[in-house]
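Colleague: give me coordinates for this.
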Amino acid sequence: MKRSIAVRLGAVLTTAALAATTGVVLSTTAATAATGTATGYASQNGGTTGGAGGQVVRATTGTAIHAALCNRASSSTPIIIEVQGTINHGNTSKVSGNSCNTADDVIELKQISNVTLVGVGNGAVFDQLGIHVREASNIIIQNVTVRNVKKSGSPTSNGGDAIGMEKDVRNVWVDHVTLEASGGEAQGYDGLFDLKNNTQYVTLSYSILRNSGRGGLVGSSESDRSNSFITYHHNRFENLDSRAPLMRGGVAHVYNNHYVNIRESGINSRAGARVRVDNNYFQNSKDVLGTFYTSEAGFWHTNGNILDRVTWSSPGSQTNPAGPGMQSTTSVSIPYSHRLDGANCVPDLVNRLAGANKGVQFSNGSCSPTTPPPTTPPPTDPPSGTNLSLASNAGADGSSKASGTSYGNVRDGSMNTHWSPSGSTGSVSIKWGSSTTVARINIREAAGSEGNIRSWRVINHDTGAVLASGNGAGVIGFSPTTLRKITFEITGSSGTPRVAEYETYAN
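Modeller: Next comes the predicted model:
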């Protein structure tokens, strides 16, 4: 039997005690809620910032996620939960506290606000375990994978929804996630992304929904028309039977998505729903837009879409396909600013950017990816142990240095000095007089230049092997490697890169 863990807010719970109990590590560093800024309808109604400015928590179990929520001063205290590893039934228990309302076998974001859940490190996978948002507001979920959540069979979680929202939910941004199943309803799976019972101002962006019978619905029945203001953009809907999405009432904006192998129906606008459909690429699919399986009509406003080997059903009493002409039946105005990529570049762009663990990048509106700087400086959160860069036998060199900067500035222990390359890219190295084992580095950007470093590689200079690559400065981990020189190579930047400290650690 799973245990329920109580967090008493009146007591002092030390970091060590909390880590030993639940697998959560706390940091007092304030940080950005997530990479980028909420888009679409999630940017309206006051905007969506998640846990921006709150405490940063690293969690490796579902219980740790719940404990972090329950350890807050109140249910609205901002918090950023960085998730790493596999979250499953075996490590997800209910935790009790005044600032939370959690449950076994589901990640419960219930009756709370101002929370960011973001995958970090080598990735976060919610395996057969759904994420449930209920009576909540200002939530960000980014860079996670949720897979094989069942509503029947064993084990079950979240009613079979990978991510589900219901009852008075406001302002949720779900971004760069992968939601997938291994079959349809007959195999025990339900929707990948379902919104019900008065859920509004939600954006799903740069995500993958695949290999399921049902993509997602908005409204649990023809009478549940209280859900509205939903944006779907730069997503890949792949190998689905239907519901991409199913809209019952409300307003939605569907743009720059790639639809591949939709077998029965795609955007199903019904029960009075009004959907704007802009610059999507529909490929190898059937009935990608219309009203299906009901006589209660919905409506659509279309612009700039590409149909590539799309087939259509004949109209009937409960079938009203928009094709083959895809003519608009209503007009939908969009209240927020956005830049449309051309539909012809959507398949390549979405394939490169959408989903978890690809490096969180966005489109610049001209069919090219870009990585925006964080809205506030990222957490330093240095690894534990000794900074090997400060060892007496350590030194520094590099590929070039801008006037007034020095390689040695990255290992002088001061944030007031820095190294910059002579251009927008370049490399800086830490070297030792004898072989040294390194498993983690921390690249700390100088004040005022946070976010300038975009793409990078970490190289074993002794062998030329690439130890890690990615986007954005901060803590970077890799397999422990014994070497005499380790190089941080900046391959892309925005503005002038300025590295104040290049820290190295054995663990």
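
Colleague: burial of G492, as a residue count?
Modeller: G492 sits with 14 neighbouring residues when counted by other C-beta atoms under 10 Å. For the C-beta atoms, the positions are set from N, CA and C on the backbone; glycine is no exception.

Colleague: swap that for D104, please
Modeller: Neighbour count of D104, defined by other C-beta under 10 Å: 18.

Colleague: next one: G183
Modeller: Neighbours around G183, by other C-beta under 10 Å: 13.

Colleague: look up phi and psi at it.
Modeller: Dihedral angles of G183 (phi, psi; degrees, to the nearest 10) stand at phi 160, psi -170.

Colleague: if I read this right, it contacts D190, doesn't it?
Modeller: No: the criterion here is C-beta atoms under 8 Å, and G183 misses it with D190 at 11.0 Å.

Colleague: so who does the residue most central in space within the chain touch?
Modeller: Centroid-nearest residue in the chain: Q142, 1.7 Å away (criterion: C-alpha atoms, centre = their mean). Residues near Q142 by C-beta atoms under 8 Å, 6 or more residues apart in numbering: 34-35, 116-119, 173-177, 360.

Colleague: element containing S75, please.
Modeller: Secondary-structure assignment from DSSP states H and E places S75 in no helical or strand segment.

Colleague: just T63 next, same as before
Modeller: helix 62-70.

Colleague: C-alpha coordinates for that helix, CSV please?
Modeller: Provided in CSV are the C-alpha atoms of helix 62-70 (Å, rounded to 0.1, in the frame of the first residue of the first chain):
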residue,chain,number,x,y,z
GLY,A,62,5.8,12.0,-8.4
THR,A,63,5.7,12.1,-4.6
ALA,A,64,8.4,14.8,-4.8
ILE,A,65,6.2,16.9,-7.1
HIS,A,66,3.3,16.6,-4.7
ALA,A,67,5.6,17.4,-1.7
ALA,A,68,6.8,20.5,-3.4
LEU,A,69,3.3,21.7,-3.9
CYS,A,70,2.4,20.9,-0.3
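
Colleague: mean confidence score for that helix?
Modeller: For helix 62-70, mean pLDDT is 95.

Colleague: before we move on, what about stretch 499-507?
Modeller: Mean predicted lDDT for stretch 499-507 stands at 93.

Colleague: quick one: contacts of it?
Modeller: With contacts defined as C-beta under 8 Å, 6+ apart, stretch 499-507 is touched by 382-389, 396, 409-411, 413-420, 428, 430, 436-447, 453, 473, 480, 486, 488.

Colleague: now, which of those residues lie within strands?
Modeller: When strands are assigned by DSSP state E, the members of those inside them are 396, 428, 430, 436-445, 453, 480, 486, 488.

Colleague: just the buried residues from the residues you listed, in PyMOL please.
Modeller: The following PyMOL line selects those of the ones in strands among the contacts of stretch 499-507 that are buried, judged by 16 or more other C-beta atoms under 10 Å:
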select buried, resi 396+428+430+436+438+439+440+441+442+443+444+445+453+486+488
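
Colleague: give the contact list for the residue lying closest to T417 once chain neighbours are set aside.
Modeller: Closest residue to T417 apart from its sequence neighbours, by C-beta to C-beta, 6 or more residues apart in numbering: N409 at 4.0 Å. Counting by C-beta under 8 Å, 6+ apart, N409 makes contact with 417-419, 500.

Colleague: mind checking pLDDT for N409?
Modeller: At N409, the pLDDT recorded in the model is 96.

Colleague: same check on G23?
Modeller: Looking at G23, the pLDDT reads 53.

Colleague: check the one 5 residues further on too.
Modeller: Per-residue confidence (pLDDT) for T28: 35.

Colleague: ok, now N452?
Modeller: On the pLDDT scale, N452 gets 82.

Colleague: right, and it touches G472 too?
Modeller: No: N452 is beyond contact range of G472, at 9.9 Å (criterion: C-beta under 8 Å).

Colleague: and for T463, the neighbour number?
Modeller: 10.

Colleague: hang on, I meant G90
Modeller: G90 is flanked by 15 other residues according to other C-beta under 10 Å.

Colleague: same check on S422?
Modeller: Close neighbours of S422, defined as other C-beta under 10 Å, add up to 13.

Colleague: quick one: secondary structure of it?
Modeller: Following DSSP: H, G, I helix; E, B strand; the rest coil, S422 is assigned to coil.

Colleague: who are the contact partners of it?
Modeller: Neighbours of S422 in contact, by C-beta under 8 Å, 6+ apart: 400-402.
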